[in-house]
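# Fold the following, please.
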Amino acid sequence: MFRSAYADVVIPNRSLSDFVLGAAHEHSAKPALVDNSTGLVLTYAQLLDRVRRAASGLAALGIGKGDVVALSAPNSPEFAVAFHAVVRLGAVVTPINPANTSHEIAHQLDASGAKVLVAAISLADKAHTAIRETGRPLLSVITAGPHPPNAADLLTGPRLAELIKRLEERFDHVIVDSPPVIGLADAPLVGAAVDGIIFVVEARAVQAGAAMRALQRLETAQATVLGIVLTKFEPRQAHLGYGYGYGFDYGYGQ
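Got it, this is the predicted structure:
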């Protein structure tokens with residue numbers, strides 16, 4: 001057995017939240033958390049108030065000592081608030097990577113026995129899908145954090161063009177993978193900002209009319225289509241029918 005040359009560390013008999021925020025009243029007006037991406041600043045007083053209110057809400061759902069609460073959110077003030085609210089009740093936090101798929105989230109929920117999933121509002125759809133995969137009706141999801149900005153507003157402003165310009169200065173080729181053209185405004189907006197598009201369609205998924213409408217949307221947006229790639233095409237089955245899937249556009253920089 002190896003022992004440290006230093007004195008034993010005294011671990012106080014109090015919750016982690018109380019230990020970290022116990023002296024918050026002494027610094028109530030000072031910044032405790034700063035979110036550089038949004039400009040949000042929480043003072044110690046505001047942080048403590050949010051933690052207490054979040055803990056009260058979780059307690060109303062029946063969360064108590066020993067219960068497991070899953071938490072999936074990017075690095076943000078909301079993550080800190082939710083984390084301290086959970087441990088304040090004596091419950092256990094099982095953090096979930098926001099980049100995980102719904103299947104991976106469902107697996108962790110089952111493995112940890114979580115009673116509640118607290119997720120960033122941008123992950124709400126994936127969180128609900130994961131809960132459905134678990135098949136556990138008692139599991140709840142609570143969304144937290146500000147609404148993400150409208151994608152169309154971000155793509156129509158100067159920031160997209162500035163980003164592409166900076167990337168072109170660093171790389172020979174820039175590939176932008178966008179959502180499907182049909183049903184969303186993102187792809188035509190991105191397509192208009194790049195030099196050209198490789199239009200990708202999946203064989204035998206939907207009728208050719210959908211692909212034609214997608215190409216028309218890109219043409220209306222004054223996007224340049226360089227070519228089309230047909231995926232999952234089986235020549236031996238070509239006589240059985242025809243059809244094309246959703247179009248995904250790829251933009252190439254200089």
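# Grab the most central residue of the protein for me.
By CA atoms, centre = their mean, the chain has its centre lying nearest to residue 123, at 4.8 Å.
# Would it be right to say that it lies in a helix?
Yes: under DSSP: H, G, I helix; E, B strand; the rest coil, residue 123 sits within a helix.
# what's the pLDDT at it?
At residue 123, the predicted lDDT confidence score is 85.
# chain center to the helix ranked longest in the chain, what's the gap?
The residue-count maximum for a helix in the chain (DSSP state H) belongs to helix 44-60. Its chain's C-alpha centre and that of helix 44-60 lie 23 Å apart, by CA atoms, centre = their mean, to the nearest Å.
# these two touch, right, the residue nearest to the centre of the chain and residue 97?
No: counting by CB atoms under 8 Å, residue 123 does not reach residue 97; the two are 10.6 Å apart. Quick note: C-beta positions are derived from backbone N, CA and C, even for glycine.
# what residues do those two have in common as contacts?
By CB atoms under 8 Å, 6 or more residues apart in numbering, residue 123 and residue 97 have these common neighbours: residue 72.
# neighbours around residue 75, how many?
By the criterion of other CB atoms under 10 Å, residue 75 has 10 neighbours.
# That one in helix, strand or coil?
Taking three-state DSSP, the label given to residue 75 is coil.
# tell me the pLDDT at it?
87.
# Also residue 253?
pLDDT, read off for residue 253, is 45.
# Also residue 164?
86.
# Relative to the whole chain's centre, how far out is the strand or helix carrying it?
Element membership for residue 164, per DSSP states H and E: helix 158-170. Distance of helix 158-170 from the chain centroid (CA atoms, centre = their mean) equals 23 Å.
# the strands in the stretch 151-254 of the chain, which residues?
Per DSSP state E, counting those that start in this stretch, the stretch 151-254 of the chain carries strands over the ranges 175-180, 196-202, 225-231, 248-252.
# can you put these in TSV and add distance to residue 6 and mean neighbour count?
What follows is these, written out as TSV (distance: least, CB to CB, whole Å; neighbours: other CB atoms under 10 Å):
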stretch	distance to residue 6	mean neighbour count
strand 175-180	52	15
strand 196-202	60	20
strand 225-231	61	12
strand 248-252	57	21
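# Just put these in a markdown table and tack on distance to residue 166.
Rendered in a markdown table, the data for the strands of the stretch 151-254 of the chain read as follows (distance: least, CB to CB, whole Å):
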| stretch | distance to residue 166 |
| --- | --- |
| strand 175-180 | 13 |
| strand 196-202 | 19 |
| strand 225-231 | 23 |
| strand 248-252 | 15 |
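# Spell out which residues make up each domain of the protein.
What automatic domain parsing lists as the domains of the chain is 16-144, 151-252.
# and these, which is most packed in?
domain 16-144 (a mean of 17; mean count of other CB atoms under 10 Å).
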